[in-house]
Structure formats: C-alpha cells, structure tokens
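> give the three-dimensional model of this entry:
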Amino acid sequence: MKQWYHIAIALIVLGGLVWFLQVDIEKERATEEQEEKESLFLQYDWSKLAKLTIKTSKTEVGFVSTVSTAKPDASEDAADQEPVASDQRSWTIVEPFAAEADSANVRNYIQTLQELKIEKEISDAAEDLSVFGLDTANDDVLIFRLTDSDARVVEVHIGSLNPGDSGNYAKLASAKKIYLVEQRLNYLHDKELKFFREKSLLSYVNTDVKKIVYKWQSKPGFILEKQQGQWQLLQPFAAVGDSVKINSFLADIKNVRIDDFPSEQADSEAQKYGFDKPQGEVTLSVKREGTEPEEEMHTITVGAFDADERTFFARKNSSNSVYQIEKLHRDKLDKVFGNFVQHDLGNFVKGDVQTINIEAKGEKPIRVGLQEESGWHFQQKDGQTFRADSDKSRLLIRKLRQLGAKEFVSKEPEKQHGFAKPDIRVTLEATSKEGDKELSRSYPFVFVKPKPAAKEDDFLDKTLVQGGPDNLVFDVDAAQVKEIRNTINELRDKRLVAAGVTVSAISVKALDDDKKQLEAKKQGETWKLEKSSGVEVKTADGVEDLLQAITELKVDSFVDVASPKGAWSDKPTQGLAFEVAFGSKGKADAPSASFLITHQELDAGYLVQVDASEPFARYGAVVKKSALQPIRTLLGLDDKAAKEADRAKETEEEPSQ
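Numbering: from 1, shown residues only. Here you go, the predicted structure:
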C-alpha cells in the first residue's frame, strides 16, 4: 500500500514540475516575441494601408491598393470579414500618372518596412540632420509615406549609410529620434520611375484565355478559340488546334518584358512609333474563372523598330503608354496559322484499330486484320487469310500513333507535292463505342517524297504526309517514315508456326524416303508417338524438343512462287514435309499448317513451300540451312555421305596456305 502511495506522490511532483516548466517556456516565448516586436523600427497596422508613396532622388511615385481596405459594411457581420493581408494585394501607380505597378516589388518594399529592425538608437534630437543624410531639403533622402484607410499619414525617412556600412540612419518625420536600421532599403535611393513600373506586357493564366485574334502585316491572320476545353482554328479555315503549341505561344506573350517607357502619348504620337501602320496586332480574350464580368480584351499593337532595329515599340489598348521591347520578343510574336493546327497526326486510340490497309507504289495492296483469338492476319480478296506478324502489326500502329509533324505545309495537296501518285498510303480502320453506339472511323496517312523541279525547290529535303484530324499536309521526319516503311516490310510473320498456339499433332516425313517419318499426338499433357521410323526421336521428351525447334524455325525471306527463282513444285522429291495440327484445349479440331522445306537450293538457303488451309495461303519463302539444322539433327537425318560431301565442299572453298 505504501508503495502505491509513494508512486502517487512522485507523479504529483512530476506533474507539478512539468507545469512549472511549461509556464516558464510560455513566459520566455512571450518575452522573446515582445523583444522582437520592440526591435522593429515601425509599429503600424498594415491591414489598413491604403496608399504608399515612395520618394527617391530621381522621382516620386504613389501607389494605391486595388483591393478595397474600407471598413466592413454595417449590414454584414464584421466577424465574418477578414482584412486582406498587405502581401496579397495588387498595387497601381496613381502618381505622377496612372500606370501599372510592379505589384510583387511593392509588396516586397512593404514587407521590408514591416520587418525593418533597429540596430541601435543614435540620437534623441540631432540638430544637424544632414550629418545623417536625413535633411529633407536634400533630394537624397529616401521617403516612404504610408496613408491608411482613415487618411492618417506616417512618413519614414531613410538617410545615408553609417561609416561602417552596417546600416542606414532612419527616423519618423513626426519624431526626433534617429536610429540605425538594417540597410535593406538602401538600393532604392536613386531609382527612377520606370523601376517601379510593371515590366510584363500582359499578365494572365493560360487557362483563362478563351480566344486569340492575330493580324500581321506580311501574312494571313488567324483566329483561335477554345471550345469545350479544346483549341480550334476558326480562320482562315476550320481545324483542330494544337493545344501544346498554342499554350507555348501564350507563354511567349506572357514572357515579353518591357525595357523602357519612352512616351505616355501613344495616341497622339502613333505615327512616330509606327502604330498608324503596325506590323501586327494580337488580341486575347480573357475570362477569369469564377468572375462575373465579361471577357477582358487585351490587344497588343506591334509598332516600328527603333533606329538600330535592336528594339521595337508596342502599346496596349488599355494604356496610352509606349513600350520599348527587345527584338527577340517581337520574333516570338511573329507566327503563321500553320504553327497552331494539330501536329499530332496519330489522333486515334491504338486499341480501337481493327484493320490496316496498305498501298505502296509498285506493289499489290495489303490488308491486315485483327482476328480476336489468333492475332493479326493478311486478308485476301478471295477470303483466304494467312498469318501476319502480330508484334510488327502492333508496332506499325504504335509508330503511326507517335507520328508528329515538323511543320504545316498546306490545307490541301498541291500539284507539285506529288500526292496523285503517293509512295505509301496507310489507312487504319478503327471501331469504338460511345454509349450504346458502335462507331467506325478511318484514319488515312498518305506519304510522298516530292521530286523537286529544281535544286532550290522548297521540297528538296521534305517528306510529306497528308493526315491528322483534318487531313492536312505536313512535313514529317524522313527517319520516322523510313521506320514505318521498314515495319510494313516486316509485317509478314517469319515463323512457320505461330507463337503461343496449342499444337495437338505433329507429322514429319522425308520426301525422298517414305520409311523416314514421324507422327505424334498430344494426349493430355504428354506426347504419344504414333509412328517413328528412320528417325531418332523415340520419346515424348524428344517430341517436345522437336516441337520447340519447329516453333522456333523462321524463314529468312519471302519469294514470289511464280518466278523462276522460286519455282513451285507440286510434287517435290527432296526435303522434308511438315504438318502441324492446332488444337483447342488439347483437341485436334483447329486448322493445320502444312509446309514443305525442299532441297531446291536458292541463293540464301532452301525453298519453303506453304500451301495449306486457313489461317495460311500459298506462299514461298527461303529458310537458311543453319536454321533447319537443329531439326535435321534431332531427327538424325544428317547421313554420313551428306556430311562427307559438305566437308569436302568446305575444304575446296578454303584458301590455299
């Protein structure tokens, strides 16, 4: 019992110590805050600041806040109204004339005044203020005049640096004490009016811009408008806009910086600065989200160049000021409507594509379709199909989806472009669903390499394509088009047995010897040899190895079976005959693939004759001897005489020592 009593006493003592410690910490914090407050040079209710005037040795400029600082309306609950913090306000110049102020800098001056700390007290009442640079008869005194919403004025004087350059002398106009304060405002002493003015030509958020009207002296104008969140070209013709490029243009406009303000008489001096015959005009319609007023119209007029053409003059419809701006910004405003049409030519969903139609100059048209279970297949007019390389088919679709234009060329093909006889035409047929409706769309891509009439022809180094959402003509990267062409050439599947299919039966026999043959069928998960004579495959594992070798067998190239080089033999007598039956879940109820690898030697290897039911059609190909070798080895068909003949041939071909 005594033990619990002692524990309770200890806890009470500990709690008391914690409480006293907390109280001590709070007192220390309050003391620090009070000392911090007392160290500030200016004690002021900044929430009531309505006007700020700054007088330097070169100018006097007055700013007013564009956010109301009036007292709360008596009809509203004052408790629900919060004063706007000074660091959130926008400021406008009202003296010596109305102009836009650099609000961010004004907020910085105010914040610096708020935080300005006293280094030490210098004098209670100095007789000669000029010693401290605080004689207002001298223009070198930096003056801040603060006017609150009740018209009360507080004036701050910032004098010269003290000899040790550790701070500025400062005083209030209404007091005699002189202090040494931080020198954070010293840089303002000799600033001119233009230093305090807004240097950005326009300020807006890109998403608030709803329309762009562009006029330029030497080229066609254009109109862009945002409709349901998507930019559209309205003039000179209707087309889908390129949001990335349009947003980049808006960023360029927003980044235009003003160097100087040569005049405040843009109207009366229009001829002097080239505004009577401007180089161009850009008008932005801006509607800020969540605001009631109608769209604001901001027009930039681009006037003449200065004498050395390093800068140009500009003005805005909302001001009578003349702005002088570096030439590089003028170049960013010089655009053509073709910059802003959709340059992303592959405006389709890859998974929606069901058919690829290809027409290449000098070749037969090709149609490749997607079959739900067995992948991509070539589709012939007679209804027959044969397997395409599904990976290459998907790669072709992906490359077309990624195709981007370098630059716009024209709305429609022109005679010199050569689209009457294109090099390649690829049309994708896609199916998609919108609600309960099934929609079919075609996406054409027509490629041509123009033949220039002369060396100076603009199209000498161009590869053109007609396509995209509005079927316009663009210049594209020739390397991209080459990759597309190469992929088209690789669409034919070089595997004689499709990857991933279920094989239910295998038959292999030598054409020159009926006694050399093998037949095997799949029973459940294992293989059963039905027949095996004259070959070395005698086990289920041997059949698995043979099947793997057959499925890995790829042809090297395709040949025209009608040509003498690839002469088709209806009754070949040399080589191997393969038949592979495809099963569905182990059942031999699917088509079979039959192909002959004859000993008719072509330049690159043996002729392959494929002539079977779907999913194949009749075609010829070449398989390299080295590719066929693993199958011949597994079957044990490399007889001694053939090996010796091959060895003798290799010996004859070796160079003499």
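> around K437, how many other residues sit close by?
7 (other Cβ atoms under 10 Å). Yep, even glycine has a C-beta here, placed from its N, CA and C like the rest.
> ok, it - contacts?
Neighbour list for K437: empty [criterion: Cβ atoms under 8 Å, 6 or more residues apart in numbering].
> ok, the one 3 residues further on next?
By Cβ under 8 Å, 6+ apart, S440 lies in contact with 429-431.
> got a ChimeraX select line for the buried ones in these?
Remark: buried members of the contacts of S440, expressed as a ChimeraX selection using 16 or more other Cβ atoms under 10 Å:
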select :429,430
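> for A510, which non-adjacent residue is spatially closest?
In space, A510 comes closest to K516 once its chain neighbours are excluded; the distance is 3.9 Å by Cβ to Cβ, 6 or more residues apart in numbering.
> again but with Y179, I slipped
Once flanking residues are discounted, Y179 sits nearest to I118: 4.9 Å by Cβ to Cβ, 6+ apart.
> which SSE is the one you found in?
Using DSSP states H and E, I118 falls within strand 118-123.
> can you give me the buried ones in the helix or strand following that strand?
Next along the chain after strand 118-123, taking DSSP H and E as the criterion, comes strand 142-148. For strand 142-148, burial by neighbour count (16+ other Cβ under 10 Å) applies to 142, 144-148.
> return the backbone torsion pair for the residue nearest the centre of the chain.
For the chain, V244 is the residue whose C-alpha lies nearest the centre (Cα atoms, centre = their mean; 7.4 Å). Here is the backbone geometry of V244 (degrees, to the nearest 10): phi -60, psi -50.
> the chain: helices as residue ranges?
Here the chain has its helices, by DSSP state H, at 2-38, 103-115, 243-254, 270-273, 327-333, 390-401, 478-489, 540-551, 625-635, 640-653.
> any idea which of those helices has the lowest pLDDT on average?
For the helices of the chain, mean pLDDT drops lowest on helix 640-653, to a mean of 53.
> what helices or strands is the strand holding I118 leaning on?
strand 178-181 (3 or more Cβ pairs under 8 Å, 6 or more residues apart in numbering; DSSP states H and E).
> what strands line up against the strand it packs on, and which way round?
Partners of strand 178-181 in the sheet, by DSSP bridges, are strand 118-123 (antiparallel), strand 168-172 (antiparallel).
> hang on, the earlier thing: ok, now which ones touch the residue nearest to Y179?
I118 touches 39-41, 179-181, counting by Cβ under 8 Å, 6+ apart.
> of these, select the buried ones using a PyMOL command.
Buried members of those, defined by 16+ other Cβ under 10 Å, are picked up in PyMOL with:
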select buried, resi 41+179+180+181
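> format the contacts of I118 as CSV; extra columns: distance to E192 and pLDDT.
Putting the contacts of I118 into CSV (distance: Cβ to Cβ, whole Å; pLDDT from 0 to 100) gives the following:
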residue, distance to E192, pLDDT
S39, 33, 79
L40, 30, 87
F41, 26, 87
Y179, 28, 91
L180, 28, 91
V181, 24, 91
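> in the contacts of I118, find the pair that's most separated.
Maximum pairwise distance among these (Cβ to Cβ): 14.0 Å, between L40 and L180.
> gap between R401 and D389?
Note on R401: its distance to D389, by Cβ to Cβ, to the nearest Å, is 18 Å.
> out of the two, which sits in the more crowded spot?
Ranked by neighbour count (other Cβ under 10 Å), R401 and D389 place D389 first, with 21 against 17.
> from G351, how far off is the more buried one?
Distance from D389 to G351, counting by Cβ to Cβ: 18 Å.
> isn't V106 right up against R197?
No. The criterion here is Cβ atoms under 8 Å, and V106 misses it with R197 at 10.8 Å.
> of those two, who's got more company?
V106 (22 against 19).
> who's in contact with the more buried one?
52, 63, 91, 196.
> quick check: buried residues in stretch 248-260?
Residues of stretch 248-260 classed as buried: 249-250, 253-254, 256, 258 (neighbour count, 16+ other Cβ under 10 Å).
> now stretch 396-406
Of the residues in stretch 396-406, 396-397, 399-401, 403, 405 count as buried by neighbour count, 16+ other Cβ under 10 Å.
> same deal with stretch 353-369?
If you call a residue buried by 16+ other Cβ under 10 Å, then stretch 353-369 has these buried ones: 353-360, 366-369.
> cool, stretch 46-63 as well?
Buried residues in stretch 46-63 (16+ other Cβ under 10 Å): 46, 48-56, 59, 61-63.
> likewise stretch 546-562?
In stretch 546-562, counting by 16+ other Cβ under 10 Å, buried: 546-547, 549-551, 553, 555-556, 558-559, 561.
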